[in-house]
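S.K.: below are the sequence and a predicted model; questions follow.
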Amino acid sequence: MTPSDRTDSARKQQLLELAYAHVLDHGLADMSLRPLAEAIGSSPRVLLFLFGSKDALVQALLARARQDETGMLEAVHRARPEHGLARTGELVWSWLADPGHRKVLTLWVEGYSRSLSGGSGPWAGFAERTIADWLEVFAAAQPPARRDTPEGLAERTLLLSVLRGALLDLLASRDEQRTTAAVTAHLRTLEAPADDAPAERGGPGNRSADRADRAARTVAAPPADVYAALLDRASLEAWLPPDGMSGRIERWDPRPGGGFRMVLTYLDASLDPADSPGKTSDATDVVDVRFTGLEPSERVVQQAVFESDDPSYAGTMTMTWHLAAADGGTEVTVTATDVPPGIDQADHEAGIASSLAHLASYLETAR
């Protein structure tokens, strides 16, 4: 490659990134070279020289959008796909529901729909390639014995259809809570026992649809302060762990679609680790939490993913923190649904009450 070729290549990549940022805001359907060139500080002549034609530029932009998608799928593939199809679907949906990805997903939908019209234009084959990308990742999450069966193909095809449909709904309505609930309902079916006989209600591997673990407490602080304590890393580490445990946050992203990973350690584990009740290991519980609903000073909705080799302790639980102004401060009510059946309800509610007591002490001491 000559120095001139390298310069052209660098300039081409630079203009591609600028054009990609532009079409994320404005779409591809009505893209015209002259307005695009003006917006990114170039000229139609330079774009045609570097890319060859408008169709070739569109193809390069679609490839750039697909690069973002495949990067996400590769990250999911690396995130221990042996956890199964449900966990993989959950990771994919977490990425799709992230508000920071709305623009690229809207562009993806535009490319997908234009691809369906057929023909040999720049959109040709985009939809088919996308389907193959997704199904490959889902196949890797299935047990080998099921992966190569008609049932396995149908299972991952249905998951793809559910996620794609929910994504279209989310982009149109921006109702993340409703669409996430629908996706979660389908993912639960992928966690069901493999045999035809349903598990006994409330037993391991099954959740009671009627179960809702609750605790409430009046905290002597205004709702805005309580809400802030729910979304501050240092404060969560201080008050969230229940009695007998300490907490450490390893990942922190406080926004809708973001979340955190907390490692809870039993304080008495060093005395006799064999007697520790940890569900992830002998001494610890690990939970991944995603924020699915944030209403300042009113409500925080979380989805907590528990990691455990014991299926009765593994799964995704929804926790809703409702804040209401009350005499003397804020009435905080916590409701947990889809609780893994291995977690005793009385013990769980006592743990929530313990966390609320710590929250009250933390905020009241700080005043």
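M.R.: On my side now, so go ahead.

S.K.: point me to the helix or strand that includes the residue lying closest to residue 184 once chain neighbours are set aside.
M.R.: Take residue 184 and drop its neighbours on the chain: the residue closest to it by Cβ to Cβ, 6 or more residues apart in numbering is residue 316, 6.5 Å away. C-betas here are computed from N, CA, C, even on glycine. Secondary structure from DSSP states H and E places residue 316 in strand 315-326.

S.K.: now find how far off-centre the helix or strand following that strand is within its chain.
M.R.: Past strand 315-326, heading to the C-terminal end, the next element that is a helix or strand (DSSP H and E) is strand 329-337. Between the mean C-alpha point of strand 329-337 and the mean C-alpha point of its chain there is a distance of 24 Å (Cα atoms, centre = their mean, to the nearest Å).

S.K.: and residue 182, how many neighbours?
M.R.: When neighbours are defined as other Cβ atoms under 10 Å, residue 182 has 16 of them.

S.K.: got the angle for the helix or strand hosting it vs strand 315-326?
M.R.: Using DSSP H and E, the element containing residue 182 is helix 176-190. Using axes from the mean of the first three to the mean of the last three Cα atoms, to 10 degrees, one finds that helix 176-190 and strand 315-326 are set 150 degrees apart in direction.

S.K.: give me the contact list for helix 176-190.
M.R.: The contact list for helix 176-190 (Cβ atoms under 8 Å, 6 or more residues apart in numbering) reads 84-86, 89-90, 93, 97, 99, 155, 158-159, 162-163, 166-167, 169-170, 173, 207, 256-257, 292-293, 301, 303, 316, 318, 338.

S.K.: buried only: go through the residues you listed for me.
M.R.: Neighbour counting over the contacts of helix 176-190 (16 or more other Cβ atoms under 10 Å) leaves 84-86, 89-90, 93, 97, 155, 159, 162-163, 166-167, 170, 207, 256-257, 292-293, 301, 303, 316, 318, 338 as the buried ones.

S.K.: from those, which land in helices?
M.R.: Residues from the buried ones among the contacts of helix 176-190 lying in helices, with DSSP state H as the criterion: 85-86, 89-90, 93, 97, 155, 159, 162-163, 166-167, 170.

S.K.: out of those residues, which comes closest to residue 327?
M.R.: residue 97 (37.4 Å; Cβ to Cβ).

S.K.: surely the closest one and residue 257 touch.
M.R.: Yes. Residue 97 lies in contact with residue 257 (Cβ atoms under 8 Å); the separation is 5.2 Å.

S.K.: pull up the overlap in contacts between these two.
M.R.: With Cβ under 8 Å, 6+ apart applied, the overlap between the contact sets of residue 97 and residue 257 consists of 176, 292.

S.K.: rewinding a little: hmm, who's touching the strand holding residue 316?
M.R.: Residues from elsewhere that reach strand 315-326, judged by Cβ under 8 Å, 6+ apart: 90, 184, 187, 191, 207, 218, 222-223, 226-227, 230, 292-293, 297-306, 330-340.

S.K.: repeat that for stretch 214-227.
M.R.: Applying Cβ under 8 Å, 6+ apart, the set of residues contacting stretch 214-227 from outside is 229, 296-298, 300, 323-326, 328-336, 349, 352-353, 356-357, 359-360, 363-364, 367.

S.K.: go again with 6 Å.
M.R.: With contact meaning Cβ atoms under 6 Å, 6 or more residues apart in numbering, stretch 214-227 is reached by 296-297, 323, 325-326, 328-335, 349, 352-353, 356, 360, 363-364.

S.K.: got a quick ChimeraX command for the buried subset of those?
M.R.: Here is the ChimeraX command that picks out the buried ones among the contacts of stretch 214-227, judged by 16+ other Cβ under 10 Å:
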select :323,329,330,331,332,334,335,349,352,353,356,360,363
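
S.K.: can you count the residues close to residue 346?
M.R.: A count of neighbours around residue 346, defined by other Cβ under 10 Å, yields 8.

S.K.: distance check, it against residue 89.
M.R.: Residue 346 sits 32 Å away from residue 89, going by Cβ to Cβ, to the nearest Å.

S.K.: same deal with residue 336?
M.R.: 22 Å.

S.K.: again with residue 366
M.R.: Using Cβ to Cβ, one gets 40 Å for the distance from residue 366 to residue 89.

S.K.: residues in contact with the residue positioned nearest the centre of the chain?
M.R.: Taking Cα atoms, centre = their mean as the criterion, residue 94 is the residue nearest the geometric centre of the chain, at 1.6 Å. Neighbouring residues of residue 94 by Cβ under 6 Å, 6+ apart: residue 290.

S.K.: recalculate using a threshold of 7 Å.
M.R.: Residues near residue 94 by Cβ atoms under 7 Å, 6 or more residues apart in numbering: 257, 290.
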